[in-house]
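Asker: The following comprises the amino acid sequence and a computationally predicted model.
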There are 2 protein chains.
Amino acid sequence: MTYRHVALVGLGLIASSISHAMRRAGMETRITGTAQSAASRETATRLGLCEVFETPAEAVTGADLVILCVPVGAMESVAKQVAPHLAPGATLTDVGSVKGGVVTAVAPYLPENVDFIPGHPIAGTEHSGPASGFASLFDNRWWLLTPLPDSRPEAVARLTKFVTRLGANVDLMEPDHHDLVLAVTSHIPHLIAYTMVGVADDLRRVTSTEVINYSAAGFRDFTRIAASDPTMWRDVFLSNREATLEILGRFTEELFALQRAIRTGDGDHLHRYFTRTRSIRRGIIEAGQDTPEPDFGRVGIKRDG
Amino acid sequence: MTYRHVALVGLGLIASSISHAMRRAGMETRITGTAQSAASRETATRLGLCEVFETPAEAVTGADLVILCVPVGAMESVAKQVAPHLAPGATLTDVGSVKGGVVTAVAPYLPENVDFIPGHPIAGTEHSGPASGFASLFDNRWWLLTPLPDSRPEAVARLTKFVTRLGANVDLMEPDHHDLVLAVTSHIPHLIAYTMVGVADDLRRVTSTEVINYSAAGFRDFTRIAASDPTMWRDVFLSNREATLEILGRFTEELFALQRAIRTGDGDHLHRYFTRTRSIRRGIIEAGQDTPEPDFGRVGIKRDG
């Protein structure tokens, strides 16, 4: 049973891509939405993403699926606003990059007759805003759901089916485990990329033009990662503090070992370490999350929305 | 005046791409080459990359341009082998990622009537070997030349013209400055990527499958970088020790400041830091080294060789 009425709270990259993907799938679902900024609401109206309302309360009224698409730090405030207006039996989900913190921020405000099933689509580009979405963003990407102990199985199954129709693969896990996994695969890589870009910017003996011109290898990938939305990432680190600090500790420990190998000229250590990483790369290609082509698998991501 | 006879010592990604790009440019230059491994020599012969010889001495005999395309750690040994066989008036260049170390390793062995002009094409993929090359690898990429005080200007001009015909843009700088710039834009980013992939691999509470499946954002770029040739990278760090240790020191200093901001919940510090990085990204797009498209500018890299 598909949803009759989906409400999008927040109208950025993910929400606008959900709208495009729902239409691509031929869903005749009513779509309502809202965004905090008037400019975003105007853009969403102009693009016909959904019926646009000024407040979360109006946007969610009557919806049987509500998707919170705001930065993690805004979840609590938005939850307070929508909670009194949720329809009995509705499902509430979100798309935040952190799950433990969102559960803590949102769950206390919700009525008992609503199924809260936190979620996280692992897909994105460095672009943001309502004009940045496209229908194929979720194709063959993972969309993790972290149901709570009292989420009804039939509500989880219904949300799973919806997300699958958007093009994604679904996996279920505990919220805390999600946060550890994502600290490794996403949060710490982003923090590191931000740091490296900051170092390059600070270095007076190397000009910005040199950094920019000669960044084809390595650094360019870092700048792409580091161009992501600052507010979203600030919230990620503040709300996934425990796991990020744990992984960061392990990271600096390993980095110091490599630094010592460079200082002492221990080429065997370096070569052994560098050789190990190739198998992980191979695994990623085999898992279909990337390709071995020189374009690095990015050709598949097309704007068609 | 183009070269009559170009010799490629080492037949990996760069050398095979040079061969493809020379033919694409319509050069009728004789191309000879050699590789240490019999398998590489066989592949190069099968692909018709060049006339393949068993030894560097044979490959360089009579060439007016010799290009050393071996890992940085092999430069000294190769220089010793080719030096006695270089034609008077020939130009010798290399494609190593480090320049100071190559100058030290190669220059002492060369006869006075040869122009040594170290070089570094900033282009690559994570693939290696004679079958990995393609003609457009250097298109619109920078090829840095670091002439020595006694390099004749006319020899530099001739090499510049040759490299330009392969599709690259040329810039000249001092060898030591090159090594600092590249430590920032390439060497340290690679070291960091290797480290992060190692951390992910070590973490027992997160399975490899999870790391692989959920790596779409951030980590995937790291694995791509970390899949590069281990021998090449070992040599880079051993021979660019001073600059990499300096940049590494700055990097960990910055990273610790961000770590403290996460621990103390200083959201303003994080947001300010993350906001700064967007301008560098914009600069890279404006410099034409990448595009703002969701495919991250990689579509332009096509195999056509």
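Answerer: Yep, that arrived.
Asker: how many other residues sit next to A:His271?
Answerer: Using other CB atoms under 10 Å in any protein chain shown, A:His271 has 17 other residues around it. To be clear about C-beta, it is placed using only N, CA and C from the backbone, and glycine gets the same treatment.
Asker: what pLDDT does it get?
Answerer: Per-residue confidence at A:His271 stands at 93 (pLDDT).
Asker: give me the element it is part of.
Answerer: A:His271 is part of helix A:267-286, with elements assigned from DSSP states H and E.
Asker: Need the residues that contact that helix.
Answerer: Contacts to helix A:267-286, defined as CB atoms under 8 Å, 6 or more residues apart in numbering or on different chains, come from residues A:257-258, A:261-262, A:290-292, B:73, B:126, B:194, B:197-198, B:200-201, B:208, B:211-212, B:215, B:220, B:223-224, B:226-228, B:230-231, B:233-235, B:237-238.
Asker: which of the residues you listed are buried?
Answerer: A:258, A:261-262, A:290, B:73, B:126, B:194, B:197-198, B:200-201, B:211-212, B:215, B:220, B:223-224, B:226-228, B:230-231, B:233-235, B:237-238 (16 or more other CB atoms under 10 Å in any protein chain shown).
Asker: Just the ones of those in helices?
Answerer: A:258, A:261-262, B:194, B:197-198, B:200-201, B:211-212, B:220, B:223-224, B:226, B:230-231, B:233-235, B:237-238 (DSSP state H).
Asker: Can you pull out the low-pLDDT segments for the stretch 51-200 of chain A?
Answerer: Low-confidence segments of the stretch 51-200 of chain A, defined by pLDDT under 70: none present.
Asker: ranges for the helices of it?
Answerer: Remark: helices assigned in the stretch 51-200 of chain A by DSSP state H, counting those that start in this stretch are A:56-60, A:75-82, A:100-106, A:153-165, A:175-182, A:188-202.
Asker: from the ones you listed, which stretch is densest packed?
Answerer: Per residue and on average, the most neighbours among the helices of the stretch 51-200 of chain A fall to helix A:188-202, with a mean of 24 (mean count of other CB atoms under 10 Å in any protein chain shown).
Asker: Report all helices and strands that that helix contacts.
Answerer: Counting contacts by 3 or more CB pairs under 8 Å, 6 or more residues apart in numbering or on different chains; DSSP states H and E, helix A:188-202 is packed against helix A:208-213, helix A:219-226, helix A:230-239, helix A:241-264, helix B:188-202, helix B:219-226, helix B:241-264, helix B:267-286.
Asker: Out of those, the one nearest B:Leu86 is which?
Answerer: The closest of the helices and strands packed on helix A:188-202 to B:Leu86 is helix B:241-264. By CB to CB, the value is 29.3 Å.
Asker: quick one: that closest one near chain A?
Answerer: Yes: interface with chain A: helix B:241-264 contributes B:241, B:244-245, B:247-248, B:250-252, B:254-255, B:258-259, B:261-263 (CB under 8 Å from any CB of the partner chain).
Asker: Weed out the non-buried ones from those.
Answerer: By neighbour count, with 16+ other CB under 10 Å, these hold B:241, B:244, B:247-248, B:250-252, B:254-255, B:258-259, B:261-262 as buried.
Asker: Now tabulate these in JSON lines and tack on distance to A:Gly33.
Answerer: JSON lines is the format used below for these (distance: CB to CB, whole Å):
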{"residue": "B:Arg241", "distance to A:Gly33": "55"}
{"residue": "B:Thr244", "distance to A:Gly33": "49"}
{"residue": "B:Ile247", "distance to A:Gly33": "45"}
{"residue": "B:Leu248", "distance to A:Gly33": "46"}
{"residue": "B:Arg250", "distance to A:Gly33": "44"}
{"residue": "B:Phe251", "distance to A:Gly33": "41"}
{"residue": "B:Thr252", "distance to A:Gly33": "43"}
{"residue": "B:Glu254", "distance to A:Gly33": "39"}
{"residue": "B:Leu255", "distance to A:Gly33": "38"}
{"residue": "B:Leu258", "distance to A:Gly33": "34"}
{"residue": "B:Gln259", "distance to A:Gly33": "37"}
{"residue": "B:Ala261", "distance to A:Gly33": "33"}
{"residue": "B:Ile262", "distance to A:Gly33": "32"}
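Asker: What's the local residue count around A:Ser279?
Answerer: Using other CB under 10 Å as the criterion, A:Ser279 is surrounded by 12 other residues.
Asker: Adding distance to A:Arg282, write the helices of the stretch 51-200 of chain A out as CSV.
Answerer: Formatted as CSV, the helices of the stretch 51-200 of chain A follow (distance: least, CB to CB, whole Å):
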stretch, distance to A:Arg282
helix A:56-60, 45
helix A:75-82, 37
helix A:100-106, 32
helix A:153-165, 28
helix A:175-182, 20
helix A:188-202, 19
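Asker: Now do the contacts for A:Trp143.
Answerer: Each residue near A:Trp143 by CB under 8 Å, 6+ apart is listed here: A:119-123, A:163, A:166, A:168-171.
Asker: gap between the nearest residue to it once chain neighbours are set aside and A:Ala107?
Answerer: Take A:Trp143 and drop its neighbours on the chain: the residue closest to it by CB to CB, 6 or more residues apart in numbering or on different chains is A:Ala168, 3.8 Å away. Distance of A:Ala168 to A:Ala107, given as CB to CB, to the nearest Å: 24 Å.
Asker: Contacts only, for A:Ser77.
Answerer: Shown in contact with A:Ser77 (CB under 8 Å, 6+ apart): no residues.
Asker: I misspoke; the intended subject was A:Ala105.
Answerer: A:72, A:75-76, A:79, A:239.
Asker: Now with 10 Å, please.
Answerer: Contact partners of A:Ala105, counting by CB atoms under 10 Å, 6 or more residues apart in numbering or on different chains, are A:68, A:72-80, A:94, A:96, A:98, A:239.
Asker: cool, A:Val66 as well?
Answerer: Shown in contact with A:Val66 (CB under 10 Å, 6+ apart): A:3, A:5-9, A:32, A:56, A:59-60, A:78, A:82, A:85-87, A:90-94, A:114, A:116.
Asker: Bridged to it, which residues?
Answerer: A:Ala7, A:Leu92 (DSSP bridges).
Asker: Over to A:Met173: give its phi and psi.
Answerer: Main-chain dihedrals, A:Met173, degrees, to the nearest 10: phi -160, psi 170.
Asker: Look at it and say how many residues are nearby.
Answerer: If we define neighbours as other CB under 10 Å, then A:Met173 has 18 of them.
Asker: Relative to chain B, how far out is it?
Answerer: A:Met173 sits 8 Å away from chain B, going by CB to the nearest CB, to the nearest Å.
Asker: That residue and B:Val236, how far apart?
Answerer: Distance of A:Met173 to B:Val236, computed by CB to CB: 39 Å.
Asker: Walk me through the domains of chain A.
Answerer: Per automatic domain parsing, the structural domains of chain A span A:5-173, A:177-265.
Asker: what's the closest of these to B:Met22?
Answerer: Here domain A:177-265 is closest among the domains of chain A (CB to CB), at 20.8 Å.
Asker: what about the closest one, distance to the chain center?
Answerer: Taking CA atoms, centre = their mean, to the nearest Å, the mean C-alpha location of domain A:177-265 is offset from the chain mean by 17 Å.
Asker: Drop anything exposed from the contacts of A:Val66.
Answerer: A:3, A:5-9, A:32, A:56, A:59-60, A:78, A:82, A:85-87, A:90-94, A:114, A:116.
Asker: so what's the closest residue in space to A:Phe237 that isn't next to it in sequence scoring on pLDDT?
Answerer: For A:Phe237, ignoring the flanking residues on the chain, the nearest one in space by CB to CB, 6+ apart is B:Ile262 at 4.9 Å. On pLDDT, B:Ile262 comes in at 95.
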